[in-house]
Each structure stands twice: as C-alpha cells, then as structure tokens.
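>>> what follows is a predicted protein model with its sequence.
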Amino acid sequence: MHAMLAQDAGRSALHWAVLHGQVQLAKALLEAGALVNTFAKDGSTPLMAAVRKGSEELATLLLEEGAHTDLINTVR
C-alpha cells in the first residue's frame, strides 16, 4: 500500500523510505533492485531527500549503493 501511495505522489518506494527515515526498508528495497538514482516528480533523488532530511545514515547507504552526487534537480 505504501509503495502505491508513494507512486501516487510521484515518488518511488525508495524515496518514501528515505523521507520517513526507514533505513531497513531502504536497504531491502535496494537489495531488491530499487533504482538509487531515480527522480521523483519534484525533481529530487533519494540522496537529495536524505541530505535534506539530515540523515547521514541513509545518505551513506545511498552513496555506498552508487548514488550519484552530480545529479541536479531541474524542476525547481
């Protein structure tokens, strides 16, 4: 259900997990093949969301999984 709500808001399940501080869920999603560099409707990536939220643990996890630091939000 939460993944459906996340998609309705223009976010992936990984975005949702990051925005809600769900580290274990984010790990499970990444292990299942979630795209770490996906963009939400608002132009943000999961890494951008983790940084904005101030979650060093999630940001580190995403970087370890290959999150790009050079992506730009062009929506804003």
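Right, received. Where do you want to start? Numbering: from 1, shown residues only.
>>> spatially central residue for the chain, please.
Pro46 (2.2 Å; Cα atoms, centre = their mean).
>>> state the distance from that residue to Thr69.
Pro46 sits 12 Å away from Thr69, going by Cβ to Cβ, to the nearest Å. C-beta coordinates here come from the backbone N, C-alpha and C atoms, glycine included.
>>> repeat that for Trp16.
22 Å.
>>> so for those two, which sits in the more crowded spot?
Trp16 (22 against 11; other Cβ atoms under 10 Å).
>>> and the next helix or strand past the helix or strand in which the more buried one is found?
Using DSSP states H and E, Trp16 sits in helix 13-19. In the C-terminal direction, the helix or strand that comes right after helix 13-19 (DSSP H and E) is helix 23-31.
>>> strands along the protein, start to end?
Remark: no strands are assigned in the chain by DSSP state E.
>>> what's the average pLDDT for stretch 16-31?
For stretch 16-31, mean pLDDT rounds to 96.
>>> go through that stretch and flag the buried ones.
Residues of stretch 16-31 classed as buried: 16-19, 22, 25-26, 29-30 (neighbour count, 16 or more other Cβ atoms under 10 Å).
>>> and if you look at stretch 40-49?
In stretch 40-49, counting by 16+ other Cβ under 10 Å, buried: 40, 44-49.
>>> now do it: distance from first to last residue.
End-to-end span of stretch 40-49 (Cα to Cα, to the nearest Å): 10 Å.
>>> how about residues contacting that stretch?
Outside of stretch 40-49, the residues within contact range by Cβ atoms under 8 Å, 6 or more residues apart in numbering are 9-12, 14-15, 18-19, 26, 36-39, 52, 58-59, 62-63, 67-69, 71, 73-76.
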